[in-house]
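Enquirer: my questions concern the predicted model and sequence given below.
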Amino acid sequence: DSGVTQTPKHLITATGQRVTLRCSPRSGDLSVYWYQQSLDQGLQFLIQYYNGEERAKGNILERFSAQQFPDLHSELNLSSLELGDSALYFCASSGQGLNYGYTFGSGTRLTVV
Amino acid sequence: AQTVTQSQPEMSVQEAETVTLSCTYDTSENNYYLFWYKQPPSRQMILVIRQEAYKQQNATENRFSVNFQKAAKSFSLKISDSQLGDTAMYFCAFSLSNFGNEKLTFGTGTRLTIIP
C-alpha cells in the first residue's frame, strides 16, 4: 500500500456519460496530481491541487474538471465521455522536506464503451 | 517549460547483465530534482531512485544507480545484475521543487525486457 488511495479501481461506462474518480493522498501530503495514461503511452499531466487550490493545469480537456476538498482528498470529474477517454488515471501526492517525494496510487482504469 | 526525453523506446538484455537507460532533460533552472520510476505489468508506478541536482554524488539504491551529468543535462539509469522482475516500463521524470508544490514531468518511457 503506497498510502495514496484511488477509487474505483475499474470503471466501465458508456459514451456520453459522466464519472467521478476519487483520490485520497498520503497522510500529511498537501499536493494532489492527476495524470492520464493511455494504452502504452507515457503519463500526461492533467491538473494539480495544493492545499485546496488549483496550482497547475496541463492538457486537461474542458470536459474534465477536478477539485480538492478541505480534508485534502480530490475528485476528478470526466463528462461527455468519448471512446478516446479510455485510459488509466493516476493520482499522486507529494510531501515536502524529509517526506519529499511523489507517491502514486494504483490508478483507476476507465473503459468507455 | 521543462522537457524530458527518453530516446530508447525499447531495450532488452540477458538476465544478470548490466543495462543503461538514457534520459536527457531541458531546463534553465539550476536547482531541480530527477527521478526514475518503474511501471511493471501491474501498471503500478514505483519510485526507483531520485537525484537532487545540487548533489554532485550520483544516487544509488542497491542494484540501481544513476549517472548524473548536470552540464550535459543527462540522467541515465544503470541496472546491474538484472533480474526478471526488472522487466517493466521505466520513466524518467523531472521536478523543480522539493516543497511538494511542483508537478512531475515525465519522459515517454523505455520498455525494458529481461531475457531469461
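Expert: Alright, I've got the coordinates.

Enquirer: quick one: name the residues of chain A near chain B.
Expert: A:2, A:29-31, A:33, A:35, A:37, A:41-43, A:45, A:48, A:50, A:55-56, A:58, A:88, A:90, A:92, A:94-97, A:99-104, A:106-107, A:109 (Cβ under 8 Å from any Cβ of the partner chain). The way it works is simple: take the backbone N, C-alpha and C, and place the C-beta from them, glycine included.

Enquirer: type out the ChimeraX command that picks the buried ones from those.
Expert: Restricted to buried positions by 16 or more other Cβ atoms under 10 Å in any protein chain shown, the ChimeraX selection for the residues of chain A next to chain B reads:
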select /A:2,29,30,31,33,35,37,42,43,45,48,50,55,88,90,92,94,95,96,100,101,102,103,104,106,107,109
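
Enquirer: can you pull the contacts of the closest residue in space to residue A:67 that isn't next to it in sequence?
Expert: What sits nearest to residue A:67 in space, not counting adjacent residues and going by Cβ to Cβ, 6 or more residues apart in numbering or on different chains, is residue A:75, at 6.0 Å. By Cβ atoms under 8 Å, 6 or more residues apart in numbering or on different chains, residue A:75 lies in contact with A:20-23, A:66-67, A:69.

Enquirer: which strand or helix spans residue A:75?
Expert: Secondary structure assignment for residue A:75, by DSSP states H and E: strand A:74-78.

Enquirer: let me see the mean pLDDT of that strand.
Expert: Average pLDDT, strand A:74-78: 98.

Enquirer: so what strands line up beside it?
Expert: strand A:19-24 (antiparallel), strand A:64-68 (antiparallel) (DSSP bridges).

Enquirer: now do the last one: everything it contacts.
Expert: With contacts defined as Cβ under 8 Å, 6+ apart, strand A:64-68 is touched by A:32, A:34, A:46-47, A:49, A:51-54, A:60, A:74-79.
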